[in-house]
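Participant: Build the 3D model from these lines:
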Amino acid sequence: MKTFVWSLPLLFGLNVFFAACDEPRREPTTQNATKMSDGDLEKAIRAKLESDVQLKDAKLDVDADVDKNEVTLSGTVQSQDMRAKAVDLAKSAQAGITVNDKIEVKPAG
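Facilitator: I've put the predicted structure just below:
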């Protein structure tokens, strides 16, 4: 009977020990699964730009680098307001993104 009483805490302790030993081998899945590619980020920004009535027909190029968390916008728009809106929409595509604004403003005329 004494052997049985002492074996319960021992078995419980071994169970906890082996469960803890298994923990470091688990690979983090959330970080790798949610990382965007450059193309994914470019598509997300283009979709935001095309959803805006004023920017839909603007000739804007998007070049993304997710490793640097940075996007470059280039091309031409008709006003400073359109330029600012394009930059704001690009920033809203991913938290903390840096937008390099190389957009030229050329009023229609």
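Participant: alpha carbons only for contacts and neighbour counts from here, please
Facilitator: Fine.
Participant: mean confidence for stretch 67-74?
Facilitator: What stretch 67-74 shows for mean pLDDT is 95.
Participant: buried sites along that stretch?
Facilitator: E70, V71, T72, L73, S74 (16 or more other Cα atoms under 10 Å).
Participant: Which members of those occur in helices, if any?
Facilitator: Within the buried residues of stretch 67-74, no residue falls in helices by DSSP state H.
Participant: Pull the number of nearby residues for G109.
Facilitator: Using other Cα atoms under 10 Å, G109 is surrounded by 4 other residues.
Participant: Tell me the spacing between it and Q78.
Facilitator: 10 Å (Cα to Cα, to the nearest Å).
Participant: ok, Q80 touching V105?
Facilitator: Yes - if you go by Cα atoms under 8 Å, Q80 and V105 touch, sitting 6.4 Å apart.
Participant: anything in contact with each of those two?
Facilitator: Listed as contacting both Q80 and V105 by Cα atoms under 8 Å, 6 or more residues apart in numbering is no residue at all.
Participant: just checking, D81 is part of a strand?
Facilitator: No - counting by DSSP: H, G, I helix; E, B strand; the rest coil, D81 is not part of a strand but helix.
Participant: so what pLDDT did it get?
Facilitator: With respect to pLDDT, D81 has a value of 95.
Participant: do K106 as well
Facilitator: 92.
Participant: count of neighbours near it?
Facilitator: 11.
Participant: By average pLDDT, which secondary structure element in the protein comes out worst?
Facilitator: When the helices and strands of the chain are compared on mean pLDDT, DSSP states H and E, helix 30-34 comes out lowest with a mean of 51.
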